[in-house]
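Asker: The following block contains a protein sequence and its predicted model.
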Amino acid sequence: MKFTINHSDQKTKARAGSLETGRGIIETPIFMPVGTHGSVKSLTQENLSDDIKAQIILANTYHIYLRPGLDVIGQAGGIHKFINWKKPMLTDSGGYQVFSLGDMRKISEEGVWFQSHIDGSRHFFSPENTMDTQRIIGADIIMAFDECTPFPCEYDYAQKSMHMTNRWLKRCIQRFNETEPLYGVEQNLFPIVQGSTYKDLRKQSAEFIAEQNMNGNAIGGLSVGEPAEMMYEMTELVCEILPIDKPRYLMGVGTPQNILECIALGIDMFDCVMPTRNARHGYIFTSKGIINIKNGKWKTDFSALDDDFTPEYSKAYLRHLIYSNEMLGAHIASKQNLKFYLWLVGEARRQIISGNFSTWKNQILQVVGNKL
């Protein structure tokens, strides 16, 4: 994998880059649609590739491991062939999902025992077998196994968790280096910075991860309930430490405002379920602001949902579909929201290249948070 910074903004830390993988080039900053089960809900791969112009999508190790299972993925020849996706993919290690199980999991130095949320069956994830699992799945970018601490989190727990995540990372790297990709395409392991919202822990974690000299780095444990300003403070601190010549991925973020502010801090890659999850509930991101399509004011509004992205359907029609729980409603709304998100990061890139990013960001922030 090769990362090239093509342009840097003069007033912020924003940068426009190119991330070259075995399955294509990703132009950064980029937003990655989330396909937890190997499917971005309500959308086809053709929608993602041709309509939305997604350059990379995500799948989740925990969910793919449980269903359809590694035997199916292996026999299919990897996740790309299984879902018919030819562009790059990223897999989360499953750490966040496992740690979200609460009483259904038990953490030790060796790894985590957990119960399936599907049938209650018991399973074990370790740094080593999550590397093996992600080898079988076959994504282009794979994540280290870490513990994602909640917010708020006591300092002592955050410290112990961070050090364990660092020890797990060394085991992940060793297993990654001992094994080879299974499908003839390079895989790249990204470590994850943790440390909750404590500056000293974030600094230690970022320094440790920078020393590993992997092809890219991620920041985890944010957007878990902390105030946005705290997220920005931690992100800025970590970006000052992580290598400037490696891509930086802020996991699970977020709103359009979050994305713009974090691009300005030096983040290159984002993912979040928000655009598709909110879409299914009628919360629509448009070029003029945010629409709650369930609001009665749209019932007889026959103007286009969005002149720029979805001119072919009216607000009134989408409201009818969402209220009627028609599958087409989720499809139209999800496509609209992801088109908007991909436009937003693409336009940020264009503004960085043109030297106008800072001015544009301040202007567009007034639009993206505007409730219509």
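Answerer: Ah, there it is. Bear in mind that the values here come from a model prediction, so they are computed numbers and not experimental data.
Asker: Who does the residue nearest the centre of the chain form a beta bridge with?
Answerer: The structure's the chain has its C-alpha centroid closest to residue 271; by CA atoms, centre = their mean the separation is 2.1 Å. In this structure, residue 271 bridges to residue 32 when assessed by DSSP bridges.
Asker: these two touch, right, residue 89 and residue 58?
Answerer: Yes - the pair residue 89 / residue 58 is scored as a contact, 7.0 Å apart, by CB atoms under 8 Å. Heads up, the C-betas are built off the backbone N, CA and C, glycines and all.
Asker: just checking, the residue nearest to the centre of the chain touches residue 36?
Answerer: No - Residue 271 is beyond contact range of residue 36, at 10.6 Å (criterion: CB under 8 Å).
Asker: Need the overlap of contacts for those two.
Answerer: A shared contact of residue 271 and residue 36, defined by CB atoms under 8 Å, 6 or more residues apart in numbering, is any residue touching both; here these are residue 58.
Asker: can I see the domain layout of the chain?
Answerer: Per automatic domain parsing, the domain ranges recorded for the chain read 2-272, 273-372.
Asker: how distant is the longest one from the center of its chain?
Answerer: So the one you mean is domain 2-272. 7 Å (CA atoms, centre = their mean, to the nearest Å).
Asker: end-to-end on it?
Answerer: 24 Å (CA to CA, to the nearest Å).
Asker: repeat for the last one
Answerer: Terminal residues of domain 273-372 lie 22 Å apart, using CA to CA.
Asker: For stretch 254-271, C-alpha coordinates in CSV please.
Answerer: Coordinates of each C-alpha in stretch 254-271 appear next as CSV, following Å, rounded to 0.1, in the frame of the first residue of the first chain:
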residue,chain,number,x,y,z
GLY,A,254,-19.8,10.7,12.4
THR,A,255,-22.0,13.7,11.6
PRO,A,256,-21.1,16.0,8.6
GLN,A,257,-19.9,18.6,11.1
ASN,A,258,-17.7,16.0,12.8
ILE,A,259,-16.2,15.0,9.5
LEU,A,260,-15.4,18.5,8.3
GLU,A,261,-13.8,19.5,11.6
CYS,A,262,-11.7,16.3,11.8
ILE,A,263,-10.6,16.7,8.2
ALA,A,264,-9.2,20.1,9.3
LEU,A,265,-7.3,18.3,12.1
GLY,A,266,-5.6,15.9,9.6
ILE,A,267,-7.9,12.9,9.4
ASP,A,268,-8.1,11.1,6.0
MET,A,269,-10.6,8.3,6.5
PHE,A,270,-14.0,8.0,8.2
ASP,A,271,-16.9,5.5,8.6
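Asker: need the contact list for residue 237.
Answerer: With contact set as CB under 8 Å, 6+ apart, residue 237 has these partners: 199, 202, 203, 206.
Asker: Go again with 7 Å.
Answerer: Each residue near residue 237 by CB atoms under 7 Å, 6 or more residues apart in numbering is listed here: 199, 202, 203.
Asker: looking at the chain, which residue ends up farthest from its center?
Answerer: Here the farthest residue from the centre of the chain, with distances given as CA atoms, centre = their mean, is residue 300 at 36.1 Å.
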